[in-house]
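>>> Next input, structure requested:
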Amino acid sequence: MSAVRVEADKDSGVAVVTLDRPHRLNAIDLDMARELAAVWQGLRFDDSVRAVVLTGSGERAFCTGIDRDVVVPQPSSPYMQDDPLLTVGPKANGLWKPVVAAVHGLACGGAFYLLGESEFVVADPTAEFFDPHTAYGMVSAYESMLMAARMPYGEVARMMLMANAERISARRAHEVGLVSEVAEEGGALAAAVRCAAVVAGYPPQGVQGTVRALWAAREAGLAQAFAQAPALIALGNLPAGRQAELFAGRRHGGFRVR
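Prediction:
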């Protein structure tokens, strides 16, 4: 069964891409990662789609990052680390059509690979953003780098370092620039679709050129940062067994929302 749904409205030119593993809080396993890459690549060739909305199914989460049951064998060299989430975003797959993210519920960890490659984010008041990496003895590398391009340094540093102890509310995310609009409760998807439909109504060459220009302003810095990420992860991560021990002993309800 597919873990990614695509629904395209030929009249508006908007496609809605839905992460569809609600039973796992839309966490990304290897099959879903491959599906996402295929979806973005396929949208490159569909001229009837001129803008995209990305969202998650169910009521509890947009996406909670990589599925903890996923096992990704790693080479011993820090120069050859494999990260399946590096290929889940639209930019990683050469899609220069605008992508608007509609976020409700939890968005954490590997979700930032997707948010970091979206043009802007519309959030439901229920949205909460956080990154648990450091709490489990893991380096937040790619996630931190992507969010550092979207948020003030102090805000992204606090989010990454506070880990499970604190979550950023939709309101605070809007104040610091991670979110461009907080919709009414239950209205994030509709608000994102409205924005995407406006953009889809413009000549696509100008829109896609603008998306490419915006990304060009960011990608040189990201490329330099990403080049350092594998070594930082290899040096800073606890062994997998110790990470699993910390994860198994995690506490629930000990966080606060700001």
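
>>> Which strands and helices lie in contact with the helix ranked longest in the chain?
With secondary structure taken from DSSP state H, the chain has its longest helix at helix 204-236. When contacts are defined as 3 or more C-beta pairs under 8 Å, 6 or more residues apart in numbering; DSSP states H and E, helix 204-236 packs onto helix 142-148. To be clear about C-beta, it is placed using only N, CA and C from the backbone, and glycine gets the same treatment.

>>> got the buried residues for the helix it packs on?
For helix 142-148, burial by neighbour count (16 or more other C-beta atoms under 10 Å) applies to 142-148.

>>> Run the chain-centre distance for the helix or strand following the longest helix of the chain.
Past helix 204-236, further along toward the C-terminus, the next helix or strand under DSSP states H and E is helix 240-248. Here helix 240-248 is found 24 Å from its chain centre; the criterion is C-alpha atoms, centre = their mean, to the nearest Å.

>>> and what of stretch 236-251?
For stretch 236-251 - counting by C-alpha atoms, centre = their mean - the centre lies 23 Å from the chain centre.

>>> contact partners of it?
68, 135-139, 164 (C-beta atoms under 8 Å, 6 or more residues apart in numbering).

>>> Can you tell me, leaving aside adjacent residues, what's nearest to Thr134?
Ala163 (4.5 Å; C-beta to C-beta, 6 or more residues apart in numbering).

>>> Quick one: residues contacting the one you found.
130-135.

>>> For the residues you listed, which single residue is the most surrounded?
Asp131 (27 neighbours; other C-beta atoms under 10 Å).

>>> My guess is that residue contacts Glu143. True?
Yes - assessed by C-beta atoms under 8 Å, Asp131 is found in contact with Glu143 at 5.5 Å.

>>> tell me, what's touching those two both at once?
Joint contacts of Asp131 and Glu143 (C-beta under 8 Å, 6+ apart) are 109, 112, 160.

>>> Go through those and flag which are in helices.
If you go by DSSP H, the shared contacts of Asp131 and Glu143 have 112, 160 in helices.

>>> for the chain, what spans make up the strands?
4-9, 14-19, 51-56, 61-63, 99-103, 106-108, 120-123, 128-130, 166-169, 181-182, 256-257 (DSSP state E).

>>> Which of these has the lowest mean pLDDT?
The stretch with the lowest mean pLDDT among the strands of the chain is strand 256-257, at a mean of 81.

>>> which parts of stretch 230-249 are buried?
Quick answer for stretch 230-249 (16+ other C-beta under 10 Å): 230, 232-234, 237, 243.

>>> now stretch 215-223
Leu222.

>>> chain center to that stretch, what's the gap?
17 Å.

>>> Can I get it in PDB? Just the C-alpha atoms.
The C-alpha trace of stretch 215-223 is given here as PDB (Å, rounded to 0.1, in the frame of the first residue of the first chain):
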ATOM      1  CA  TRP A 215      17.000  28.500  -3.500                       C
ATOM      2  CA  ALA A 216      20.200  29.600  -5.200                       C
ATOM      3  CA  ALA A 217      20.600  32.200  -2.500                       C
ATOM      4  CA  ARG A 218      20.600  29.400   0.100                       C
ATOM      5  CA  GLU A 219      22.200  26.400  -1.500                       C
ATOM      6  CA  ALA A 220      25.900  27.500  -1.600                       C
ATOM      7  CA  GLY A 221      25.900  27.900   2.200                       C
ATOM      8  CA  LEU A 222      23.900  24.700   2.600                       C
ATOM      9  CA  ALA A 223      26.300  22.800   0.400                       C
END
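
>>> Could I get the average pLDDT for it?
Rounded mean pLDDT across stretch 215-223 is 90.

>>> follow-up on the earlier one: max pairwise distance over the contacts of Ala163: which two?
Greatest spatial distance among the contacts of Ala163 (C-beta to C-beta): Phe130 and Thr134, at 10.8 Å.

>>> What is the least confident helix or strand in the chain?
helix 240-248 (a mean of 75; mean pLDDT, DSSP states H and E).

>>> Mind exporting the C-alpha coordinates of that one to CSV?
Presented in CSV, the C-alpha positions along helix 240-248 are these (Å, rounded to 0.1, in the frame of the first residue of the first chain):
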residue,chain,number,x,y,z
ALA,A,240,23.2,2.8,18.0
GLY,A,241,22.6,0.5,21.0
ARG,A,242,23.0,3.4,23.5
GLN,A,243,20.7,5.6,21.4
ALA,A,244,18.0,2.8,21.5
GLU,A,245,18.4,2.5,25.2
LEU,A,246,17.8,6.3,25.7
PHE,A,247,14.8,6.1,23.3
ALA,A,248,13.3,3.2,25.1
